[in-house]
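*Asks:* Got a predicted model here, sequence first, then my questions.
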Amino acid sequence: EVQLVESGGGLVQVGGSLRLSCVTSGFTFDDYDIGWFRQAPGKEREGVSCISPSDGTTYYRDSMRDRFTVSSDKSKNTVYLQMDSLKPEDTAVYYCNARSDFYDYWGQGTPVTVSS
């Protein structure tokens, strides 16, 4: 059974930091691109960042490149998203996604609220 379990969300003040984790199981970690998406209330889901654990290649949405860092731990089949200098507009539910040429899996999401 494929599972993607996010954690690490919560309430943080403006300028604060959070580290999200996505623990995966049930598929070959290196065969997938693992991405973070987010969906704010009343808005469409948008891509945040992505990593290819096989070679460490990373991608970022331009507006987040300087504040967010994605990483992976292949020994734990886990992907992290370090979020610094958080802003109120970062408030959203953050989802982990695993994608290959043939499959697309989602986690249940972890909420992040940035208060001013």
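*Replies:* Sure, I can see it. Numbers count the residues shown, from 1 in each chain.
*Asks:* Residue 68 versus the residue nearest to residue 73 when sequence neighbours are not counted, what's the distance?
*Replies:* Leaving aside its sequence neighbours, residue 73 sits nearest to residue 80 (C-beta to C-beta, 6 or more residues apart in numbering; 7.4 Å). To be clear about C-beta, it is placed using only N, CA and C from the backbone, and glycine gets the same treatment. Residue 80 sits 10 Å away from residue 68, taking C-beta to C-beta, to the nearest Å as the criterion.
*Asks:* Residue 102 now?
*Replies:* Residue 102 is 28 Å from residue 68, by C-beta to C-beta.
*Asks:* now swap in residue 78 and tell me
*Replies:* Where residue 68 is concerned, residue 78 sits at a distance of 17 Å (C-beta to C-beta).
*Asks:* and what of residue 9?
*Replies:* 14 Å.
*Asks:* same thing with residue 91?
*Replies:* 14 Å.
*Asks:* same check, this time on residue 114
*Replies:* 13 Å.
*Asks:* swap in residue 14?
*Replies:* 16 Å.
*Asks:* I'd say residue 85 and residue 65 touch.
*Replies:* No. Applying C-beta atoms under 8 Å as the test, residue 85 and residue 65 come out as separate, 12.0 Å apart.
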